[in-house]
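**Q** how would this look folded up:
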Amino acid sequence: MISFIVPIYNAERYLKACIESLLHQTERDIELVLVDDGSTDKGLDVITSFHDPRIRLYQRPHAGQSVARNFGLQQAKGEFIAFVDADDELAPDWCEKHLQVIEGVDYVQSGYTRNNKVYCPHHRYQFTSPCMRLYRRQAINGLLFTEGMIYEDVIWSVDLWVRALRCRRIRYGGYLYKANPGSTTSQRHPEAELRVFAELKKRIPGASRRSKMILLYTLIRLKLYFMKS
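**A** Modelled structure (predicted):
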């Protein structure tokens, strides 16, 4: 079974389409772990309008996306894990495409579609996103998101790469990414940028040669991204 972990915070506008895209997967053995992070809109009404036993809703006090994702990981029951943001959608064959090629690897990395343009995972900054991947649950056991910070995706993805897991990339853009102007990362956060740099630099002393290369590469990519934005 695939567990979709979806953190939700004031995503009423996008939520119906997101949930429908998950429930309409050609692979039926799935569950939706929906973690409402203290939303103040009417998103709960959207969720409760669905009557599907594969939906599991948890309501939590507002504590941030990292806390919601970590909680979702604790509740997930599937052999496989996938993260989806509440303002995005998946193509109907997303699960099928990833399950077809996950044999012999720990996770499968694919691309995404934005404004009808398909990207491979390394062509855009989304290379640090935990979304657009299907993971074997056992491969990411104990790997948690850093709580209380922005750009926690970066830290989580780096910690994933340092594990030297077996990955297979596929040229497939079935993750339908929507640019949400109200999202946290749609704006600059200078203090958060400094913190993510500090978190990465803290991992360099004592790291293996391979891990140091990963950390330095990520630091360079981040610097270029923040300068460009």
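
**Q** Need the three-state assignment for residue 220.
**A** Following DSSP: H, G, I helix; E, B strand; the rest coil, the label given to residue 220 is helix.

**Q** By mean pLDDT, flag the weakest helix or strand of this protein.
**A** The weakest-scoring helix or strand in the chain, judged by mean pLDDT, DSSP states H and E, is strand 117-119 (a mean of 64).

**Q** Following the chain onward from that strand, which element is next?
**A** Going down the chain from strand 117-119, the next helix or strand is strand 133-136, by DSSP states H and E.

**Q** Give me the sheet partners of that following strand and which way each runs.
**A** Here strand 133-136 has these sheet partners by DSSP bridges: strand 80-83 (antiparallel), strand 107-109 (antiparallel).

**Q** and residue 168, how far is that from residue 177?
**A** Between residue 168 and residue 177 the computed distance is 21 Å (Cβ to Cβ, to the nearest Å). The C-beta positions use only the backbone N, C-alpha and C, and glycine is treated the same way.

**Q** So which of the strands paired with strand 133-136 has the densest surroundings on average?
**A** Mean neighbour count (mean count of other Cβ atoms under 10 Å) peaks for strand 80-83 among the strands paired with strand 133-136, with a mean of 24.

**Q** Quick check: mean pLDDT of that one?
**A** For strand 80-83, mean pLDDT rounds to 98.

**Q** C-terminal to it, what's the next element?
**A** Following strand 80-83 toward the C-terminus (DSSP H and E): strand 89-90.

**Q** quick one: contacts for residue 162?
**A** 203, 207, 210-211, 214 (Cβ atoms under 8 Å, 6 or more residues apart in numbering).

**Q** list the contacts for residue 56?
**A** Shown in contact with residue 56 (Cβ under 8 Å, 6+ apart): 31-34, 75.

**Q** So which of the residues you listed is the closest to residue 4?
**A** residue 32 (5.1 Å; Cβ to Cβ).

**Q** got any ranges where the chain has weak pLDDT?
**A** Along the chain, the model assigns pLDDT under 70 to residues 115-127, 179-188, 229.

**Q** Which residue ranges of it form strands?
**A** Counting by DSSP state E, the chain has these strands, from start to end: 2-8, 30-37, 55-60, 80-83, 89-90, 107-109, 112-114, 117-119, 133-136, 167-169, 175-176.

**Q** looking at those, which is closest to residue 66?
**A** So among the strands of the chain, strand 2-8 is nearest, using Cβ to Cβ, at 8.6 Å.
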